[in-house]
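Peer 1: for reference, the sequence and a predicted model appear below.
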Amino acid sequence: MISFMTDEVFRKLEFSEAEVTQLTLRDLRCPNCRFLIDKVYSDIKGHMQVKCPKCKNAYIMNLAYFRTFGHSRDQDFTVYLTKIE
Ligand SMILES: [Zn+2]
C-alpha cells in the first residue's frame, strides 16, 4: 500500500490537531434521516458536499445554515438544500 504521509503532511496534521484545542466539535447529521455523517469544528465555514452512508442521499450543505442540530424534523427548520441527482 502506498502512503502519502510525507513529513510535510505529518507536520500539517500536527498543526491541525494543535489548532482545535480552543474549538468545539459538533455533529453533522443527514437532513433526511439524521444519521451522523461527520463531525465538524466550530470554525468551519462554507459549503460542503455530503453523501449519507445510510439513506444514500447526497446534498450540498451551507454549514452556516446547519449550526445547530437540535431540531426535530417537525419543527420549523428552514434550510436550503440542493439534492444532487
Ligand atoms: Zn440520511
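Peer 2: Happy to help now that I have it.
Peer 1: how about the residues of this protein near the ion?
Peer 2: With Cβ under 5 Å from the ion as the criterion, the chain comes near the ion at residues 30, 32, 33, 35, 52, 54, 55. For the C-beta atoms, the positions are set from N, CA and C on the backbone; glycine is no exception.
Peer 1: let's see 8 Å
Peer 2: On the criterion Cβ under 8 Å from the ion, the ion has as its neighbours in the chain the residues 30-35, 37, 52-57.
Peer 1: out of the residues you listed, which end up buried?
Peer 2: Buried residues within the residues of the chain next to the ion, defined by neighbour count using 16 or more other Cβ atoms under 10 Å: 30, 31, 37, 52, 57.
Peer 1: how far away is the last one from residue 12?
Peer 2: In this structure, residue 57 and residue 12 are separated by 32 Å, where distance is defined by Cβ to Cβ, to the nearest Å.
Peer 1: same thing with the first one?
Peer 2: Summarising the geometry, the distance separating residue 30 from residue 12, computed by Cβ to Cβ, is 29 Å.
Peer 1: ranges for the strands of this structure?
Peer 2: Counting by DSSP state E, the chain has these strands, from start to end: 25-29, 36-41, 47-51, 58-62, 82-83.
Peer 1: please, where are all the helices along this structure?
Peer 2: Under the criterion DSSP state H, the chain carries helices at the ranges 7-19.
Peer 1: pLDDT weak spots in it?
Peer 2: The model of the chain has pLDDT under 70 over residues 68-83, 85.
Peer 1: I'd say residue 40 and residue 64 touch.
Peer 2: No: using Cβ atoms under 8 Å, residue 40 and residue 64 do not qualify as a contacting pair, with a distance of 11.9 Å.
Peer 1: more neighbours, the two?
Peer 2: When residue 40 and residue 64 are compared for neighbours, residue 40 comes out ahead with 16 against 10, by other Cβ atoms under 10 Å.
Peer 1: show the contacting residues for the nearest residue to that one once chain neighbours are set aside.
Peer 2: Leaving out its chain neighbours, the residue that sits closest to residue 40 by Cβ to Cβ, 6 or more residues apart in numbering is residue 28, at 5.1 Å. Residues in contact with residue 28, defined by Cβ atoms under 8 Å, 6 or more residues apart in numbering, are 36, 37, 38, 39, 40, 48, 50, 61, 63, 66, 69.
Peer 1: that's all I had, so thanks and see you.
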